[in-house]
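Asks: pasting the sequence and the predicted model now:
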Amino acid sequence: MSTNDRKAKAQAAARRGGGGANVILVAGIVIVLAMALIIGGVIWASRDTGGSAGGSTQLPDGVEQGQPIEPFAAAKPAKGAPVVDVYEDFRCPICQVFEQKMGGSINELAQDGRIRLRVHLKTVIDTNTGGNSSAVAGSTAVCAADQGRWQEYHSALFALQPAQETRDGFPYGSYTEAAEEAGLSGDSLASWEDCVNKDTYVDYVKSVDDQTVKDGITGTPAISVGGTKLNWGALIDEKTGRADTERLEQVLTSGTVPRDLRVTR
């Protein structure tokens, strides 16, 4: 079944259930969860485990080549706060589901300093379709983080995800639309545009994907707590499509993934 078919079924189910744009119900979520449970939450797998980076370039402040960004590092996580690693691609359809269901809860915990969030921006869809739209999208998000608008831009760009996975990827105007939706304006918008136009972090994003592949993460979305992979799909009710965010919070803040929620393969 194609991505468009899955999205169409999800949208139809949401309309029947009276859900809003951020609620994916019944048919769509059943398909998503079946995939998630089968392969432990790592849904969109890359066909190629080879490298993709184009060499060193400008890096986010305090971040080394190939390493994740910590978008809420300024929140100063509490001493000993559990480390939560999220692996995502802005063009991955199941990453969009993950963002809609769990992104808000994860970001809130990170902002409150209750977890240390590390985001690994991957380029799985680029590998599968060609082009570099995933890398560019990731770069624009890091540019937004430079302006203190990571969370707002992150959510806005996922909401504008293209319906089809093609080589072209995001229409370029989507980035500006997301930036404005995120509240960038004036000097901050101009600085963001300069960062984006220079492809400032494209090679950095590609280097992160390279490193994660070396670490054995070849698909998205994926999340680990203290180094243990979490089967996030098991926290979504197949009938209602609702995420058990209370239990998610318990798992993330405890720093330990219970056996029934561990990825087993």
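Replies: Yep, it's here.

Asks: could you list the low-pLDDT ranges of this structure?
Replies: 1-56 (pLDDT under 70).

Asks: and the helices in it?
Replies: Assigned by DSSP state H, the chain shows helices spanning 3-17, 26-39, 93-98, 104-111, 124-129, 133-146, 150-159, 173-181, 186-197, 202-214, 245-254.

Asks: please save the CA atoms from the fifth one in CSV.
Replies: The reference is to helix 124-129. C-alpha atoms of helix 124-129 as CSV (Å, rounded to 0.1, in the frame of the first residue of the first chain):
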residue,chain,number,x,y,z
VAL,A,124,16.3,8.1,4.8
ILE,A,125,13.9,9.4,2.2
ASP,A,126,16.7,11.0,0.3
THR,A,127,18.4,7.6,0.2
ASN,A,128,15.2,6.0,-1.1
THR,A,129,14.2,8.6,-3.7
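
Asks: nearest spatial neighbour of P258, skipping sequence neighbours?
Replies: Distances taken as C-beta to C-beta, 6 or more residues apart in numbering put V251 closest to P258, at 6.9 Å, once the chain neighbours are dropped. (Glycine included, C-beta is placed from N, CA and C.)

Asks: and the one you found, how many neighbours does it have?
Replies: 22 (other C-beta atoms under 10 Å).

Asks: quick one: contacts for it?
Replies: By C-beta atoms under 8 Å, 6 or more residues apart in numbering, the contact set of V251 is 225, 230, 257-258, 261.

Asks: let's see it at 10 Å
Replies: 82, 84, 223, 225, 228, 230, 232, 235, 244, 257-258, 261 (C-beta atoms under 10 Å, 6 or more residues apart in numbering).

Asks: so which of the helices of the chain gets nearest E70?
Replies: Closest to E70 of the helices of the chain, according to C-beta to C-beta: helix 104-111, at 8.4 Å.

Asks: for Q67, give its distance to T57.
Replies: Distance, Q67 to T57, using C-beta to C-beta, to the nearest Å: 14 Å.

Asks: got any residues that touch both of those two?
Replies: Joint contacts of Q67 and T57 (C-beta under 10 Å, 6+ apart) are 204, 207.

Asks: how deep is R259 tucked in, by neighbour count?
Replies: 7.

Asks: ugh, wrong one, A163
Replies: What A163 shows, counting by other C-beta under 10 Å, is a neighbour count of 10.

Asks: and if you look at T253?
Replies: By other C-beta under 10 Å, 17 other residues sit near T253.

Asks: same question for V84.
Replies: A total of 24 residues lie near V84 under the criterion other C-beta under 10 Å.

Asks: swap in D260?
Replies: Counted with other C-beta under 10 Å, D260 comes out at 7.

Asks: gap between the spatially most central residue of the chain and M102?
Replies: Nearest to the geometric centre of the chain sits E88, at 3.4 Å (C-alpha atoms, centre = their mean). Per C-beta to C-beta, E88 is found 11 Å from M102.
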